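Enquirer: Using only what follows, build the 3D model:
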Amino acid sequence: MNIGIIGSGLIGATTARLFSEAGHQVTISNSRGPESLQALVEEIGPNASAATVEEAASFGEVVLVAIPFFAYEALPADRLAGKIVVDATNYFAGRDGQMDFGERTSSELVSQHLPRDRLVKAFNTMYYETLATEGRPEDGEDRLVLFVAGDDEEAKSVVYGLIEDVGFAPVDTGSLRDGGRLQQPGSSIYNRPMVAEQAREVLAEQVS
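Expert: Have a look, this model is predicted:
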């Protein structure tokens, strides 16, 4: 699969490596331009290339967004129309500034900016070092969980497959509103490594 990545920080670079190692073609981008990414793509290997944000958005059948949340309005909505967009962003008031979401989650704001995309919230709850080192592609029983939220079941299914490709177990938290709220920083599942059985027990406690 062709995967575009917007953002080359800890999560963007880590997912680029993991998807590439799993056999996917990856194009990664950032706000500084492809020249700043040459060392990274050389390190990752032949399945990776560098591009502009617009080019990465056009390249990917799936596009993972891993940028500071305050920059979400810079995402190219026209290039992402119709794409499965994986929102790996997190809102932190100290970095992103105070924002009033009303009743919405951060992912609902991103989806509002990208009205024609198919947004899935994932890859935002796990510390990057755990993500980089704890995937177990050959062992399904003890895989750690990556949580998934979204309103498009087909899009979520595609993301489940990518999560399994890189050695983790997908667990559905529900809609962008309900699941997105469960996946935000400070929640009971955020940055808490667990296997699927544990995850489902914790999620059941949240909705009981």
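
Enquirer: Output the lowest mean pLDDT helix or strand found in this protein.
Expert: Lowest by mean pLDDT, DSSP states H and E among the helices and strands of the chain is helix 196-207, with a mean of 88.

Enquirer: CA atoms only: put that one into PDB for me.
Expert: C-alpha atoms of helix 196-207 as PDB (Å, rounded to 0.1, in the frame of the first residue of the first chain):
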ATOM      1  CA  ALA A 196      -6.300  -6.700  24.100                       C
ATOM      2  CA  GLU A 197      -8.000  -8.400  27.000                       C
ATOM      3  CA  GLN A 198      -6.800  -5.700  29.400                       C
ATOM      4  CA  ALA A 199      -7.800  -3.000  27.000                       C
ATOM      5  CA  ARG A 200     -11.400  -4.300  26.700                       C
ATOM      6  CA  GLU A 201     -11.800  -4.500  30.500                       C
ATOM      7  CA  VAL A 202     -10.600  -0.900  30.900                       C
ATOM      8  CA  LEU A 203     -12.900   0.300  28.100                       C
ATOM      9  CA  ALA A 204     -15.900  -1.600  29.600                       C
ATOM     10  CA  GLU A 205     -15.300   0.200  32.900                       C
ATOM     11  CA  GLN A 206     -15.500   3.600  31.000                       C
ATOM     12  CA  VAL A 207     -18.900   2.900  29.500                       C
END
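
Enquirer: Now that helix: buried residues?
Expert: By neighbour count on 16 or more other CB atoms under 10 Å, the buried set for helix 196-207 is 196, 199, 202-203. Quick note: C-beta positions are derived from backbone N, CA and C, even for glycine.

Enquirer: Low-confidence bits of the chain, can you list those?
Expert: Low-confidence segments of the chain, defined by pLDDT under 70: 207-208.

Enquirer: residue closest to the middle of it?
Expert: Ala88 (3.3 Å; CA atoms, centre = their mean).

Enquirer: pretty sure that residue contacts Val120?
Expert: No. Using CB atoms under 8 Å, Ala88 makes no contact with Val120, being 9.8 Å away.

Enquirer: Nearest residue to Phe179 in space, please, no chain neighbours.
Expert: Residue 179: Gly, not Phe. Counting by CB to CB, 6 or more residues apart in numbering, Gly179 lies nearest to Ala149, which is 2.7 Å off, once chain neighbours are set aside.

Enquirer: looking at this, the one you found is in a strand?
Expert: Yes. According to DSSP: H, G, I helix; E, B strand; the rest coil, Ala149 belongs to a strand.

Enquirer: In a strand, Gln102, correct?
Expert: Residue 102: Gly, not Gln. No. According to three-state DSSP, Gly102 belongs to no strand; its state is coil.

Enquirer: Now for it, how many residues are close by?
Expert: By the criterion of other CB atoms under 10 Å, Gly102 has 7 neighbours.

Enquirer: same question, the one 10 residues further on
Expert: Here the neighbour count serves as a burial measure; for Gln112 (other CB under 10 Å) it reads 12.

Enquirer: what about the closest residue to it other than its chain neighbours, distance to Gln25?
Expert: In this structure, Gln112 finds its nearest non-sequential neighbour in Arg104, 7.7 Å apart by CB to CB, 6+ apart. For Arg104, the distance to Gln25 equals 34 Å [CB to CB, to the nearest Å].
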